[in-house]
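> Compute the structure for the input listed below.
(chains A, B, C and D)
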Number of protein chains: 2
Amino acid sequence: MTAPDRRNQILDAAQELIQTRGYSAMSFQDIALKVGIRKPSIVHHFPSKNALGEAVVRRYRETFAAVLAGVDADPDKTVWDALEIYFGPYLDFAGTPDKVCLCGALAGEAMALPVEMRHELALFFEGHERWLEGILRRGADAGLFRLADRPDKMARFLFCALQGALLAKRATGDLQQLTDVMDTIRATLRPGGA
Amino acid sequence: MTAPDRRNQILDAAQELIQTRGYSAMSFQDIALKVGIRKPSIVHHFPSKNALGEAVVRRYRETFAAVLAGVDADPDKTVWDALEIYFGPYLDFAGTPDKVCLCGALAGEAMALPVEMRHELALFFEGHERWLEGILRRGADAGLFRLADRPDKMARFLFCALQGALLAKRATGDLQQLTDVMDTIRATLRPGGA
DNA sequence: GTCTATACAAAGATAGAC
DNA sequence: GTCTATCTTTGTATAGAC
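Here you go, the predicted model:
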């Protein structure tokens, strides 16, 4: 809801570049070109590349968290609805030829990141797994999901599979890498299933 | 089985650096330091960074493929044995504080890689999924595995979950990110399961 | 096969004018 | 808030001696 001011334009450009090329391969020059300004103008908004990187991941994490909290708060949404909503961003990224989840991209180069970014990254992973765990638990209690293992472990399983699938989709160029995994997740959770 | 000659020392150093920091953040200087030589000596063995990167991924892929083919060829190995053998390298990497699968790391920065590396990457993903599919099919036919979906789709699901879990393990520092996923895979495949 | 020396480009960052 | 100009470091790569 923030206005498309310069600061957010820079964050948008940086996020897209990380999602496509990764953090190490992203430069101020690339961002400046995308936004239509010069390199030093970026430094005015973010004192260093590390500070910019941290801001990008934090914004991404918080935006995502707000959406998931909204799903939790909506009594009209079933656990199956929640699952499909959660699939949404993955499908959106997979709709492009070159994007993956910001944090999926960053996870591959974690040791090259400043500690602040690593911290944000860990919070993202843990937050998503905890949210999924809640959905799975609710679904199992209501008899809408059949779980082969504890909700927390199933949540890890599904989350890791989705992140991996998005990376596999881009690496192979095959959209089914993602949609197949989503199908299988549905089949695995369906109570009447095999 | 090749002798630890200079060429392989360079490949080893490059592979470890990619597994920890990623391709973009790896430099000839880092490799030279690890091997104990100077930068230009690397260029003598590999004419460019791209050529070195391609050689690293190809060697990794072929070495892995040979191991998996060996498992297939061994009549004493049950499908459950095969699965545990497949888990081995993931557990080895997760035993270090900073390593992930070479191709899991590269997948995050795919668009920053030369096309030859991207091609090798795709072959790696497809090869592993096809191998897993074979194991799952055999296991299902023998009544040793219970599959919630088609073998090819289940193979994708499990492979992506393992790659994602290794990335999650390093990002959070929590070894259970990987071991939980392996547990859940076993639980999901067990015929008597829930 | 390895070295010193160097070329050349691009990176992150700073100073100071406007 | 954005710019020009510049600094410093680091990157890949090349030339040529040993």
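> Test my guess that A:Gly134 contacts A:Val71.
No: checked against CB atoms under 8 Å, the pair A:Gly134 and A:Val71 is beyond contact range at 10.0 Å. Backbone N, C-alpha and C define where each C-beta goes, glycine included.
> So which bits of chain A are right by DNA strand D?
Residues of chain A lying close to DNA strand D (CB under 7 Å from any atom of the strand) are A:Arg6, A:Ile37, A:Arg38, A:Lys39, A:Pro40, A:Ser41, A:His44, A:His45.
> ok, now with 6 Å
A:Arg6, A:Ile37, A:Arg38, A:Pro40, A:Ser41, A:His44 (CB under 6 Å from any atom of the strand).
> Find the pair from those residues with maximum spatial separation.
A:Arg6 and A:Pro40 (13.2 Å; CB to CB).
> neighbour count winner among the two?
More crowded of A:Arg6 and A:Pro40, by other CB atoms under 10 Å in any protein chain shown: A:Arg6, with 14 against 9.
> Surely the more buried one touches A:Phe46?
No: applying CB under 8 Å as the test, A:Arg6 and A:Phe46 come out as separate, 10.9 Å apart.
> Check what pLDDT A:Gly192 gets.
pLDDT, A:Gly192: 80.
> er, A:Pro4 I mean
Reading off the model, A:Pro4 has pLDDT 69.
> Go ahead and flag the most central residue of chain A.
Nearest to the mean C-alpha position of chain A, by CA atoms, centre = their mean, lies A:Cys101 at 4.3 Å.
> Distance of it relative to B:Gly70?
35 Å (CB to CB, to the nearest Å).
> buried ones in stretch A:117-134?
Of all the residues in stretch A:117-134, those buried under the rule 16 or more other CB atoms under 10 Å in any protein chain shown are A:117-118, A:120-125, A:128-129, A:131-134.
> what's it in contact with?
A:23, A:50, A:53-54, A:57-58, A:60-61, A:64-65, A:68, A:72, A:86, A:103, A:106-107, A:110, A:113, A:151-152, A:154-156, A:158-159, B:168, B:171-173, B:177 (CB atoms under 8 Å, 6 or more residues apart in numbering or on different chains).
> residues in contact with A:Lys39?
Applying CB under 8 Å, 6+ apart to A:Lys39 gives the contacts A:Phe28, A:Gln29, A:Ala32.
> Among these, name the buried ones.
A:Phe28, A:Ala32.
> and of the contacts of A:Lys39, the nearest to DNA strand D?
Here the nearest of those to DNA strand D, counting by CB to the nearest atom of the strand, is A:Ala32; it sits at 7.1 Å.
> Quickly find the element holding the closest one.
Under the criterion of DSSP states H and E, A:Ala32 resides in helix A:28-35.
> now the contacts of A:Lys39 in CSV, with pLDDT and distance to DNA strand C?
Shown next, in CSV, are the contacts of A:Lys39 (pLDDT from 0 to 100; distance: CB to the nearest atom of the strand, whole Å):
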residue, pLDDT, distance to DNA strand C
A:Phe28, 98, 4
A:Gln29, 98, 4
A:Ala32, 98, 9
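> tell me which residues in stretch A:140-160 are buried?
Buried-residue list, stretch A:140-160, by 16+ other CB under 10 Å: A:140, A:144-145, A:147-160.
> whoops, stretch A:58-73 was the one
A:Arg58, A:Arg59, A:Tyr60, A:Arg61, A:Phe64, A:Leu68, A:Val71.
> Quick check: the gap between the first one and A:Glu120.
Put plainly, it is A:Arg58. 5 Å.
> Close to DNA strand C: what parts of chain A are there?
Residues of chain A lying near DNA strand C (CB under 6 Å from any atom of the strand): A:Ser27, A:Phe28, A:Gln29, A:Lys39, A:Pro40, A:Val43, A:Pro47, A:Ser48, A:Lys49, A:Asn50.
> need the contact list for the residue of chain A found nearest chain B.
Going by CB to the nearest CB, chain B is nearest to A:Gly108 of chain A, at 2.7 Å. With contacts defined as CB under 8 Å, 6+ apart, A:Gly108 is in contact with A:Gly22, A:Leu167, B:Gly22, B:Val100, B:Gly104, B:Ala105, B:Leu106, B:Ala107, B:Gly108, B:Glu109, B:Leu167.
> For it, grab phi and psi.
phi -70, psi -20 (degrees, to the nearest 10).
> what's the pLDDT at it?
98.
> For the residue lying closest to it once chain neighbours are set aside, give its distance to DNA strand D.
Nearest in space to A:Gly108, with sequence neighbours left out and distances taken as CB to CB, 6 or more residues apart in numbering or on different chains, is B:Gly108 at 2.7 Å. Distance, B:Gly108 to DNA strand D, using CB to the nearest atom of the strand, to the nearest Å: 18 Å.
> Against B:Thr172, how distant is B:Gly108?
Taking CB to CB, one finds B:Gly108 at 16 Å from B:Thr172.
> Name the spans of chain A whose pLDDT lies under the cut-off.
A:1-4, A:193-194 (pLDDT under 70).
> try 90 this time
A:1-4, A:192-194 (pLDDT under 90).
> And the strands in it, which stretches?
Along chain A, counting by DSSP state E, no stretch forms strands.
> can you give me the helices for it?
Assigned by DSSP state H, the helices in chain A fall at A:6-21, A:28-35, A:39-45, A:49-73, A:79-95, A:102-107, A:115-141, A:151-172, A:176-189.
> Who are the contact partners of the residue nearest to the centre of chain A?
Taking CB under 8 Å, 6+ apart, one finds A:Gln19, A:Pro89, A:Tyr90, A:Phe93, A:Gln163, A:Leu166 in contact with A:Cys101.
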